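> Okay, predicted coordinates and the sequence, questions at the end:
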Amino acid sequence: RSYGIQVARLAGLPLGVIDRAKTILARLESDDSTVVLPAPQARPRKKIAVAPADDAQLRLL
């Protein structure tokens, strides 16, 4: 169960927004259909170039 609507109410969102969210939530909860999402595809990782250490900067420490 989600507490998003209660959090929105506590955050001071307008009552019209809260009422609309409740209507949408009720419709979603009463819908018997189930949505199956495809499995996410792994993206290849990007290689990050490492800058060479600058000895002059290291001597300052």
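Happy to help now that I have it.
> how near is Ile5 to Ala11?
For Ile5, the distance to Ala11 (Cβ to Cβ, to the nearest Å) stands at 11 Å. From N, CA and C alone the C-beta is placed, and that goes for glycine too.
> the more surrounded of the two?
A direct count of neighbours by other Cβ atoms under 10 Å for Ile5 and Ala11 places Ile5 higher, at 16 against 7.
> what helix or strand is the more buried one on?
Counting by DSSP states H and E, the element that carries Ile5 is helix 4-10.
> Please enumerate residues in contact with that helix?
Under the contact criterion Cβ atoms under 8 Å, 6 or more residues apart in numbering, helix 4-10 has outside partners 17-18, 21-22, 25.
> Rounded mean pLDDT for the next helix or strand after that helix, please.
The element immediately downstream of helix 4-10 (helix or strand, assigned by DSSP H and E) is helix 15-30. When pLDDT is averaged over helix 15-30, the result is 90.
> what's the answer for stretch 44-61, then?
Averaged across stretch 44-61, pLDDT comes to 71.
> mind listing what's buried in the helix holding Ile5?
In terms of neighbour count (16 or more other Cβ atoms under 10 Å), helix 4-10 has its buried residues at Ile5.
> Check stretch 18-34 too.
So stretch 18-34, judged by 16+ other Cβ under 10 Å, has zero buried residues.
> Redo the contacts of helix 4-10 as a markdown table? Include distance to Val36.
Compiled in a markdown table, the contacts of helix 4-10 are given as follows (distance: Cβ to Cβ, whole Å):
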| residue | distance to Val36 |
| --- | --- |
| Val17 | 30 |
| Ile18 | 30 |
| Ala21 | 25 |
| Lys22 | 26 |
| Leu25 | 21 |
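> Among the residues you listed, find me the one that's closest to Pro40.
Out of those, the one with the shortest distance to Pro40 is Leu25. That distance is 25.5 Å, counting by Cβ to Cβ.
> Pull up the gap between the closest residue to that closest one other than its chain neighbours and Ile24, please.
If the residues on either side of it in the chain are set aside, Leu25 comes closest to Ile5, at 6.6 Å by Cβ to Cβ, 6 or more residues apart in numbering. Computed as Cβ to Cβ, the Ile5 to Ile24 distance reads 10 Å.
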